[in-house]
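Q: missing the sequence, but the structure's below:
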């Protein structure tokens, strides 16, 4: 008898073709599926192994490999279907890297819920040239920014991977699509909290079955169907209840400048409504301060860039302004450590 994770919903399709027609089985890897990453994941999913090996994105540190129970992934997919009213036969688009959890979970949702999953390259503008509409899509904020004039093609859009800027949030509010910012990580398999941006919501609300608490100044997640023990995060939040919180930033990103500690993502949130170009708040070594706050833009420095520093508190204001031609991104997330390294190299080489 097949294990639960080996069962495929009869309505599951890939690019409009039924799964059976693809002649893909775990025992025979001579598949008609051309995407090697997809074929590899489906092979792993349909194997007798009860776990899937995943790697974290490494946004704030070195990537690590973890094992996740397939039952937890199935339950997560079912919860997503119920929460967002995604039903068998709906069209879904996979435009995220299959290498990471967000891409893998789109495949699992399609298998479990019976979706028609269409796959495109995980580039910055995945739907601009697509003519059909989609019921369900997940993107990074960077992708949404590049596709903002096309999201009317999407009935339900999930945004994850990194925080949504105030500037992008303003563009989304009152859109006809259902656009939701999600909170989650590899360790939680998928999102554990959601914020409806179309309705202008500002707080994350847990999905059913999930509760939160403050532990050591950071968010602790209680998700019984994912983990038998609470999941300790590195995220600072304002906890309003066991099911609601306001995200503040990652604790590990703290900048200590002149003995005063600053959260770069909190500063970014204040400035994000004024700049349309991607940017991060970072730091550089400083003889007097230990670290000095700097701002780094992608591609170019906007005009009158310092004008909006007045919106910040005195000691939050960047001491210098830089730009890099391109930001490295991992699974859609800006790789802060790499950007800082590239900036330091640029300064050492006098470029």
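A: Perfect, I can see it now. Computed from a predicted structure; not experimentally measured.
Q: and the strands in the stretch 101-250 of the chain?
A: 116-119, 134-139, 154-159, 178-184, 191-196, 204-206, 211-215, 218-222, 231-232, 235-239, 244-250 (DSSP state E, counting those that start in this stretch).
Q: could you dump those to JSON lines with mean neighbour count?
A: All C-beta spots, glycine's among them, are computed from the backbone N, C-alpha and C. Formatted as JSON lines, the strands of the stretch 101-250 of the chain follow (neighbours: other Cβ atoms under 10 Å):
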{"stretch": "strand 116-119", "mean neighbour count": "21"}
{"stretch": "strand 134-139", "mean neighbour count": "24"}
{"stretch": "strand 154-159", "mean neighbour count": "23"}
{"stretch": "strand 178-184", "mean neighbour count": "22"}
{"stretch": "strand 191-196", "mean neighbour count": "22"}
{"stretch": "strand 204-206", "mean neighbour count": "20"}
{"stretch": "strand 211-215", "mean neighbour count": "15"}
{"stretch": "strand 218-222", "mean neighbour count": "20"}
{"stretch": "strand 231-232", "mean neighbour count": "14"}
{"stretch": "strand 235-239", "mean neighbour count": "17"}
{"stretch": "strand 244-250", "mean neighbour count": "18"}
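Q: redo these as TSV? Include distance to residue 14 and mean pLDDT.
A: As requested, the strands of the stretch 101-250 of the chain are arranged in TSV below (distance: least, Cβ to Cβ, whole Å; pLDDT from 0 to 100):
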stretch	distance to residue 14	mean pLDDT
strand 116-119	6	94
strand 134-139	14	96
strand 154-159	19	95
strand 178-184	24	95
strand 191-196	23	96
strand 204-206	32	97
strand 211-215	36	94
strand 218-222	32	94
strand 231-232	32	90
strand 235-239	35	92
strand 244-250	35	91
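Q: and these: which comes nearest residue 103?
A: strand 134-139 (8.6 Å; Cβ to Cβ).
Q: including distance to residue 127, could the strands of the stretch 101-250 of the chain go into CSV?
A: Converted to CSV, these look like this (distance: least, Cβ to Cβ, whole Å):
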stretch, distance to residue 127
strand 116-119, 10
strand 134-139, 7
strand 154-159, 7
strand 178-184, 13
strand 191-196, 21
strand 204-206, 26
strand 211-215, 33
strand 218-222, 31
strand 231-232, 32
strand 235-239, 30
strand 244-250, 27
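Q: mind checking which of those strands is nearest residue 84?
A: Closest among the strands of the stretch 101-250 of the chain, using Cβ to Cβ: strand 154-159, at 5.1 Å.
Q: show me what the closest one is packed up against.
A: strand 134-139, helix 141-146, strand 178-184 (3 or more Cβ pairs under 8 Å, 6 or more residues apart in numbering; DSSP states H and E).
Q: now do the last one and strand 218-222, the angle between them.
A: Put simply, strand 178-184 runs at 100 degrees to strand 218-222, going by axes from the mean of the first three to the mean of the last three Cα atoms, to 10 degrees.
Q: other SSEs contacting strand 178-184?
A: The elements that strand 178-184 packs onto, with contact taken as 3+ Cβ pairs under 8 Å, 6+ apart, are strand 154-159, strand 191-196.
Q: out of the ones you listed, the one nearest residue 217 is which?
A: The closest of the helices and strands packed on strand 178-184 to residue 217 is strand 191-196. By Cβ to Cβ, the value is 18.3 Å.
Q: got the angle for that closest one vs strand 154-159?
A: Comparing the axes of strand 191-196 and strand 154-159 via the same axes, to 10 degrees yields an angle of 120 degrees.
Q: helices and strands around the host helix or strand of residue 343, which ones?
A: Using DSSP states H and E, residue 343 sits within helix 336-348. Helices and strands touching helix 336-348, by 3+ Cβ pairs under 8 Å, 6+ apart, are strand 279-286, strand 290-298, strand 320-324.
Q: nothing else from me, thank you.
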